[in-house]
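**Q** Sequence first, then the predicted structure, then my questions.
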Amino acid sequence: MKTQPSQKTCWQHLACIFTSIASCTVLALALVGCSSGTSTETAASQALAAPATTTAAASDGQATISWEVVDDAESYTIYMSNTPNVDPATATKMENVSPPYTVPGLVNGTIYYFRVQAVCTNTNRVSETSAELSVTPKTPPPGAPAEISAMAGDTFVVLQWSPVAGATSYNLYWGVSPGISKMAGEHFSGVTSPYIHYIPIDDAGAMPGKGGSSGGHTTSGTTTHTAKVVALEPISSATGTEGKKGPPAGKGPKKTGTMFYYAVTAVDTFGQESKVSAEVGAAPKKPGGMPGGEEDGAFGSNLAVPLIFAEGYGLGGLPVTDETGAKLYANTGLRNSETPPNPFWSTIFSEIYIKDSVSYYMQKTSSTWQADWRSGAGTPQLVTIDWSDNITGHGWNTTSVIHVENVLYQAPVDEAGNPTDLMNSYVMTHLFGARYSEKFGTTGDGLPTNYRTIFSPNARLIIEKITGKGLGRDPVYNGGLPVLDKAVYEGIGGDGPGWYRPEVNGSGKLVYGYNFMLKKLAGTDTEKAGWWRLTFQIDPVATYTVMAADGVTGTTYTVTGNTILAALDPSDDKDDAAFRPTLLSPTQSVLEIQVTPGKGGSSSHGGSTTTGGTTGGTTGGCGTTTTGTTTPPVVP
């Protein structure tokens, strides 16, 4: 009897068959290796494709390399070099990596070059290296500047901000409308804090046209540029805007101020720029026309050097007396004046300018201070007259602009030669700029001094061409008349070209100044060449009228001269001086200068501002350019 196989035995046969199939499959795959189903012979002979679409992203001290996966590749090798055309034989090798791969330990700012190679170890195959790529690791971009401030001055704005870690310079974005961004507004690049943005007013009193920087320079570590603006929109704090297309010709900014808006970005050594800072705004002022005061909302210069009103009359022609007990006294004509007089004097310090980590209160801003002043009426005021070195120091020609500057001063001492009759002054420091852009400031420190300047409304300047040194007036040139013959009191109530009047300059000192513009005189070079006489004198009597606010009524004053020219400043008698002044009498001092034909420069300096005129004009803020601290001398 034949026995039938059991069902279990049949299943065992099937299992054996399937096991054999699986074993063969595994063996086949093992033989194929990296071939992905191809035959062993084909896989061994087929080259791997080079990695494609490689990219590199830089970050702080590292680079991340990415690429597309290559068929049949088990791993990848990265070759790195500091020079282009990476050679695998000499490059730094990173093996058994996969995408994306971050290469650590790199030096920021150094360019690194990379190539990637695919590898199949089982078949001992490698691809060609990928296309070369480069990357430069960098620190993160700097943060936006913080604590930005804008301080308005007389036709300029001072901007300051806190240093940003990693920043090497800054970009300033600005405009006359809010909403400043990198895409909206003009900008100056490569600036540093503090930054002075000038908004000049042309001869007609209007703002120049639109543009970038003009005449920008760096002075004492401070970055400056000159703004050029077209379509200014004067604004009012009450309504936001007033006017239409900006200030009319001849007016400059409105009294309420033309607002300028600013934002700053930080830039690092790699040229990476931060986000913009918070926006700030400021409204610079139009220059004032009064000797020490303000006009049309402008900021004037504060008195830092003590002052004597020799005849007892202020810069505006009004009588002053010591009995008022007021420093903020309108009749003085100084910047800090109030009506009615304020019986209490106190300094007001507000806007700050930082230089060499020291805080300064700057001239021609809302910061105010005032040195001592006094009426000299009733006592003859013996003074020393100082002709500016810029006139006596060199020759002139027919195209020169000669800044005629005089200072009357006293420096009393006792019988032993010790300084006496001290008055309070303020120590002034040159902050930045030169000539027209020169700015001074004070820390607020007072200094007792015996040095004081003198104001006399009776002062007069005469400029005339003479036939030769020490000879009489030229009877032909200008019809035999002086080119200028003006007294201070004749200009009281007036301002602008043609007047002769003293002003408080940027260093806080009262000076008598006039810009004598030879190049604007009528006549040929031959006619203008020769000797010229400059005469400073004190008129015995001055008569003038100060108009009331209604412009119709006024008060007439007759002032007897009380100023006596007692001596010349020692500096005016130097052996190497080109020209030496003389003291003709107690009321007259003369300086004769020779003018030659030809081209020449200008003696205007120290922040003087020429206001025009046929032959000259009054000066605003005249004074010698200084790079350090100025203090009134205490003469031993």
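**A** Ah, there it is. As the structure is a prediction and not an experimental result, all values here were calculated from the model.
**Q** phi, psi of A266?
**A** When read as degrees, to the nearest 10, the backbone of A266 gives phi -100, psi 140.
**Q** brain fart, T192
**A** Dihedral angles for T192 - degrees, to the nearest 10 - are phi -130, psi 160.
**Q** Quick check: it vs Q272, distance?
**A** Using C-beta to C-beta, to the nearest Å, T192 is found at 17 Å from Q272. (Each C-beta comes from the backbone N, C-alpha and C, glycine too.)
**Q** which residues pair with the residue lying closest to W373 once chain neighbours are set aside across the strands?
**A** Spatial nearest neighbour of W373, chain neighbours left out: L307 (4.5 Å); criterion: C-beta to C-beta, 6 or more residues apart in numbering. When bridges are called by DSSP bridges, L307 pairs up with W373, T453.
**Q** burial measure for L307, as a count.
**A** Each residue near L307 was counted by other C-beta atoms under 10 Å, and the total is 29.
**Q** thought A487 was touching A542?
**A** Yes - shown here, A487 and A542 form a contact pair, counting by C-beta atoms under 8 Å, at 6.7 Å.
**Q** Overlap in contacts, those two.
**A** Listed as contacting both A487 and A542 by C-beta atoms under 8 Å, 6 or more residues apart in numbering are 457-458.
**Q** Run a quick neighbour tally on S75.
**A** Counted with other C-beta under 10 Å, residues neighbouring S75 total 13.
**Q** What distance do you get for it to A118?
**A** Relative to A118, and taking C-beta to C-beta, S75 is found at 8 Å.
**Q** Please name the residues that touch the residue nearest to W373.
**A** Residues in contact with L307 (C-beta under 8 Å, 6+ apart) are 334, 371-374, 452-455, 510.
**Q** between those residues, which is closest to V427?
**A** A371 (10.6 Å; C-beta to C-beta).
**Q** The closest one against S425, yeah?
**A** Yes - the pair A371 / S425 is scored as a contact, 4.8 Å apart, by C-beta under 8 Å.
**Q** so what sits against both of the two?
**A** By C-beta under 8 Å, 6+ apart, the residues touching both A371 and S425 are 304-306.
**Q** residues contacting V305?
**A** V305 neighbours (C-beta under 8 Å, 6+ apart): 371, 425, 451-453, 507-510, 632.
**Q** Try it again at 6 Å.
**A** When the contact criterion is C-beta atoms under 6 Å, 6 or more residues apart in numbering, the partners of V305 are 371, 425, 453, 508-509, 632.
**Q** which non-adjacent residue is nearest I454?
**A** Of all residues not flanking I454 in the chain, L408 sits nearest, at 3.9 Å (C-beta to C-beta, 6+ apart).
**Q** mind listing what that neighbour touches?
**A** Neighbour list for L408: 383, 385, 454 [criterion: C-beta under 6 Å, 6+ apart].
**Q** rewinding a little: separation between the residue nearest to W373 and V407?
**A** Taken as C-beta to C-beta, the span from L307 to V407 is 11 Å.
**Q** How about E132?
**A** E132 sits 73 Å away from V407 when distances are taken as C-beta to C-beta.
**Q** Averaged over its residues, which helix or strand of the chain has the lowest pLDDT?
**A** Every helix and strand of the chain was ranked by mean pLDDT, DSSP states H and E. The lowest is strand 217-219, at a mean of 30.
**Q** ok, back up a step: and the shared contacts of A371 and S425, which is closest to Y313?
**A** Once C-beta to C-beta is applied, the member of the shared contacts of A371 and S425 that ends up nearest Y313 is P306, at 17.3 Å.
**Q** hang on, the closest one packs against A371?
**A** Yes - here P306 reaches A371: they are 4.8 Å apart, a contact under C-beta atoms under 6 Å.
**Q** list residues touching both of the two?
**A** Common neighbours of P306 and A371 (criterion: C-beta under 6 Å, 6+ apart): S425.
**Q** Quick check: phi and psi on the closest residue in space to A73 that isn't next to it in sequence?
**A** In space, and not counting its chain neighbours, A73 is closest to A118: 3.9 Å by C-beta to C-beta, 6+ apart. Main-chain torsions, A118, degrees, to the nearest 10: phi -90, psi 150.
**Q** what is A118 paired to in the beta sheet?
**A** Applying DSSP bridges to A118 gives these bridge partners: Y76.
**Q** Would you quantify the distance from it to T90?
**A** 20 Å.
**Q** that older thread, could you dump the contacts of L408 to a markdown table with distance to I564, neighbour count and pLDDT?
**A** As requested, the contacts of L408 are exported to a markdown table (distance: C-beta to C-beta, whole Å; neighbours: other C-beta atoms under 10 Å; pLDDT from 0 to 100):
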| residue | distance to I564 | neighbour count | pLDDT |
| --- | --- | --- | --- |
| V383 | 7 | 24 | 97 |
| I385 | 10 | 23 | 96 |
| I454 | 10 | 25 | 98 |
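**Q** Of those, which is the nearest to S98?
**A** I454 (88.7 Å).
**Q** surely the closest one meets T384?
**A** No - contact criterion C-beta under 6 Å: I454 and T384 do not qualify, at 9.2 Å.
**Q** that older thread, could you give the bridge partners of the residue nearest to I454?
**A** With DSSP bridges as the rule, L408 is bridged to I385.
**Q** got it, and R533?
**A** Beta-bridge pairing for R533 (DSSP bridges): E464, E592.
**Q** All the strands of the stretch 51-200 of the chain, residue numbers only.
**A** Using DSSP state E, counting those that start in this stretch, the strands of the stretch 51-200 of the chain run over 55-59, 62-66, 75-81, 92-97, 101-103, 112-120, 125-126, 133-135, 149-152, 156-160, 167-175, 186-191, 195-198.
**Q** got TSV for these, with distance to G523 and mean pLDDT too?
**A** Listed next are the strands of the stretch 51-200 of the chain as TSV, based on distance: least, C-beta to C-beta, whole Å; pLDDT from 0 to 100:
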stretch	distance to G523	mean pLDDT
strand 55-59	70	90
strand 62-66	75	95
strand 75-81	76	96
strand 92-97	81	94
strand 101-103	79	95
strand 112-120	73	95
strand 125-126	92	92
strand 133-135	70	94
strand 149-152	44	82
strand 156-160	38	84
strand 167-175	46	92
strand 186-191	44	87
strand 195-198	35	83
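**Q** would you turn these into a markdown table with distance to A548?
**A** Shown next, in a markdown table, are the strands of the stretch 51-200 of the chain (distance: least, C-beta to C-beta, whole Å):
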| stretch | distance to A548 |
| --- | --- |
| strand 55-59 | 74 |
| strand 62-66 | 79 |
| strand 75-81 | 86 |
| strand 92-97 | 89 |
| strand 101-103 | 83 |
| strand 112-120 | 81 |
| strand 125-126 | 101 |
| strand 133-135 | 78 |
| strand 149-152 | 32 |
| strand 156-160 | 35 |
| strand 167-175 | 43 |
| strand 186-191 | 45 |
| strand 195-198 | 37 |
